[in-house]
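*Asks:* Whatever this is, show me its structure:
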Amino acid sequence: MNRAMKPKMKPGKKISSVRLTKTAKRTPLKGAQRVYTKTGDTGSTGLFGGGRVGKNHPRLMAYGALDELNAIVGLLAAHLAIQKGSRVRSVINQLNLIQSTLFVLGSHLATQDETEDASSSARSMLPSIDPEFTKTLETWMDEMSEDLSPLKNFILPGGSVAASLAHVARTVTRRVERESVQLLATETQLSSNPPWLAEVLKGLNRLNDYFFVLARHLNRLERKPEEIWNPKMEAPKGVANSPRRTR
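*Replies:* Take a look at the predicted model:
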């Protein structure tokens, strides 16, 4: 215990409990602003445009999964940054654009208003979703596919670390897509499938394809062979299958 916080005692007097009445003073924050607001301590969160929903709401599930995807894309880009080569740098630039676009998609998923119309006051303040995003992804996929062999079998996710991360991004993209479709099915305001949501769904569907092609492309750059799925594969013989010795 700090000496300044020790209670003053008279000789021979016993103390059964000690109450520390001195409270710590909060010093002004000089750097970045505090990120905690305490408004979500009860399990709800505010949406852009007004209103609060539970953190298990379909809208939260959708843009929460999208946030997870963005983090994985950042991890993939960080891993590639330690490698050299113009083709790797090109992929990193692509991932940076994808991360920026995911923020735009997330901002629209996090916005709720009465009409869910793009012309509404809240949604009109957001950056618009680039309708050329899906075409850009298609162009990138076509360029990467030029040096890839045609697929005749299913391949197992894996290979290099970078390719494995691309496969993780692919599967999380599918989850974001499923959560967004669930949002469309549960909210009556979205029954008309507004244009912004149609762009979100189309972009996510194409992004899943992009990460699959990217995984193959990264394996080729690192000269990692693709493991073909063998449905009749047998367990390897050796130490792993031998009876475990008891001690």
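*Asks:* Let me see the ranges of the helices in this structure.
*Replies:* 58-80, 86-109, 133-145, 161-186, 195-221 (DSSP state H).
*Asks:* Now tabulate the ones you listed in a markdown table and tack on mean neighbour count, distance to N153 and mean pLDDT.
*Replies:* Backbone N, C-alpha and C define where each C-beta goes, glycine included. Shown next, in a markdown table, are the helices of the chain (neighbours: other C-beta atoms under 10 Å; distance: least, C-beta to C-beta, whole Å; pLDDT from 0 to 100):
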| stretch | mean neighbour count | distance to N153 | mean pLDDT |
| --- | --- | --- | --- |
| helix 58-80 | 19 | 25 | 91 |
| helix 86-109 | 17 | 25 | 92 |
| helix 133-145 | 16 | 17 | 96 |
| helix 161-186 | 19 | 16 | 93 |
| helix 195-221 | 20 | 13 | 93 |
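*Asks:* okay if I get those helices as TSV plus distance to I155?
*Replies:* Listed next are these as TSV, based on distance: least, C-beta to C-beta, whole Å:
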stretch	distance to I155
helix 58-80	18
helix 86-109	19
helix 133-145	14
helix 161-186	10
helix 195-221	8
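*Asks:* doesn't V73 make contact with I98?
*Replies:* Yes - at 5.9 Å, I98 counts as touching V73 under the criterion of C-beta atoms under 8 Å.
*Asks:* mind checking which of the helices of the chain is nearest F154?
*Replies:* helix 195-221 (11.5 Å; C-beta to C-beta).
*Asks:* could you say what helices and strands the closest one packs with?
*Replies:* helix 86-109, helix 133-145, helix 161-186 (3 or more C-beta pairs under 8 Å, 6 or more residues apart in numbering; DSSP states H and E).
*Asks:* Export those as CSV, with columns for distance to L204.
*Replies:* Listed next are these as CSV, based on distance: least, C-beta to C-beta, whole Å:
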stretch, distance to L204
helix 86-109, 8
helix 133-145, 10
helix 161-186, 4
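*Asks:* Relative to L218, which of the ones you listed is closest?
*Replies:* helix 161-186 (4.3 Å).
*Asks:* The closest one vs helix 195-221, what angle?
*Replies:* For helix 161-186 against helix 195-221, the angle by axes from the mean of the first three to the mean of the last three C-alpha atoms, to 10 degrees is 160 degrees.
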